[in-house]
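> Show me how the following folds:
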Amino acid sequence: MASARSAATRLTRSSLLQLSRAAVAPPSHHPNLTYSPREFSRMAGSVGSNGCSAVTRVLFCGPYWPASTMYTKEYLQNYPFIQVDEVGLEQVPDVIHNYHICVVKNKRIDSDIIAKATQMKIIMQYGVGLEGVDIDAATKQKIKVARIPGSTTGNAIACAEMAIYLTLGVLRKQKEMDTAVIQKDLGLPVGETIFGKTILILGFGAIGLEVAKRLKPFGVKVLATKRNWSSNTVPYDLDRLVDKKGGPEDMYELAWEADIVITCMTLNNESVGIVDNKFISALKKGSYLINIARGGLLDYEAVFVHLKSGHLGGLGVDVAWTEPFDPEDPILKLPNVIMTPHVAGITEYSYRTMAKVVGDVALKLHAGEPFTEIEFVN
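Residues are numbered from 1 along each chain as shown. Modelled structure (predicted):
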């Protein structure tokens with residue numbers, strides 16, 4: 001199991017296929033689990049630190065992203081002392097008291113729900129987004145809250161690939177091409193090339209970094225915003241990737257240079273609705289907007305108005321303002337809008353790898369071992 005853990009962190013091109021297959025198999029049995037320092041044993045408590053006599057229970061919230069539950073169950077199938085369940089979103093408050101680990105997905109875990117989680121040790125995301133969790137309430141209840149770093153699972157790479165897909169889709173007018181095929185037209189529509197464009201990446205974290213790596217070979221100019229550009233926060237030669245750097249306060253200045261904006265920011269109280277009328281108005285007429293982060297980063301009314309006026313040339317989004325999104329929403333009727341169903345980070349490799357992380361967290365909690373695969377935020 002230790003060798004599988006180290007292998008899962010190496011994301012070389014040659015290892016991707018091999019690792020995705022390896023992650024399907026459940027881990028070998030733990031004949032000699034060694035216990036962690038005292039604090040981890042205390043966290044385990046009655047969950048299973050005395051061996052495998054107790055059952056550690058993992059709750060997945062809601063039916064969406066079903067592969068997350070399925071792959072985790074497959075990974076843990078040889079461990080009868082780990083129980084993995086999935087319940088409907090509305091059922092979570094009624095059953096959460098039975099569980100030790102909660103994988104939230106798109107369920108909002110507020111203080112009322114947390115108060116009922118009397119056995120809970122860890123609330124975590126099957127990925128990175130924790131905006132739906134009341135972290136302060138969890139902290140008061142002595143519940144740890146964690147995310148799975150996207151840089152170690154292939155999630156950031158998958159999201160970056162989706163950003164490129166959506167960018168090319170809006171530039172080449174995907175909806176109009178579909179219509180042309182149905183109508184047996186040839187040579188229509190006339191699209192645009194990504195070559196020579198200036199692209200602004202809002203939020204240069206793990207995903208933003210991977211987006212920039214994939215954009216550069218297209219012959220583009222890359223602008224980016226990030227709160228902290230110190231070398232220890234971006235372990236890469238930025239001069240090769242980013243032509244112009246700025247902080248959040250520089251986003252309006254950088255906007256007027258951009259032909260395309262790709263949002264990769266975390267959603268929080270400061271960033272909600274940050275792509276608003278002021279920001280979009282600062283863009284060139286005909287600019288394109290791509291969102292692979294969270295729907296709440298975009299002000300719906302501002303985006304809709306600027307799409308209809310032609311100030312925005314197109315919109316490509318993998319995330320929506322409410323999810324699942326209304327398929328009859330007027331914004332989806334526009335010919336220059338492409339939407340995918342929140343699948344940017346969902347690939348066979350990334351989901352198998354994250355299932356392994358969740359499974360290993362459950363095994364380690366059961367044994368009282370320290371956690372190395374997840375990032376705690378409290």
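
> how close does Ser281 sit to Leu267?
Shown here: Ser281 relative to Leu267, a distance of 22 Å by C-beta to C-beta, to the nearest Å. All C-beta atoms are positioned from the backbone trio N, CA, C, and that covers glycine.

> Which one's more surrounded, these two?
Remark: of Ser281 and Leu267, Leu267 carries more neighbours, 20 against 13, as counted by other C-beta atoms under 10 Å.

> burial count for the closest residue to that one other than its chain neighbours?
Spatial nearest neighbour of Leu267, excluding adjacent residues (C-beta to C-beta, 6 or more residues apart in numbering): Arg294 at 3.8 Å. Neighbouring residues of Arg294 were enumerated by other C-beta under 10 Å; the total is 23.

> my read: Arg294 touches Leu130, true?
No - between Arg294 and Leu130 no contact is recorded; they are 11.0 Å apart, counting by C-beta atoms under 8 Å.

> Isn't Thr153 up against Val358?
No - using C-beta under 8 Å, Thr153 makes no contact with Val358, being 10.7 Å away.

> Overlap of the contact sets of those two?
Common neighbours of Thr153 and Val358 (criterion: C-beta atoms under 8 Å, 6 or more residues apart in numbering): none identified.

> the helices in this protein, which residues?
For the chain, helices defined by DSSP state H occupy the ranges 2-7, 13-22, 38-44, 66-75, 92-95, 111-116, 135-140, 155-171, 174-182, 206-215, 251-255, 277-282, 300-309, 348-367.

> CA atoms only for the fourth one, dumped as CSV, please.
Meaning helix 66-75. Only the C-alpha atoms of helix 66-75 are listed here, as CSV (Å, rounded to 0.1, in the frame of the first residue of the first chain):
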residue,chain,number,x,y,z
PRO,A,66,-21.9,8.8,-8.9
ALA,A,67,-18.5,7.5,-9.8
SER,A,68,-17.1,9.0,-6.6
THR,A,69,-19.1,6.6,-4.5
MET,A,70,-18.8,3.6,-6.9
TYR,A,71,-15.0,3.9,-7.2
THR,A,72,-14.5,4.3,-3.4
LYS,A,73,-16.6,1.2,-2.7
GLU,A,74,-14.5,-0.7,-5.2
TYR,A,75,-11.3,0.4,-3.7
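
> What average pLDDT does it get?
In this model, helix 66-75 has an average pLDDT of 97.
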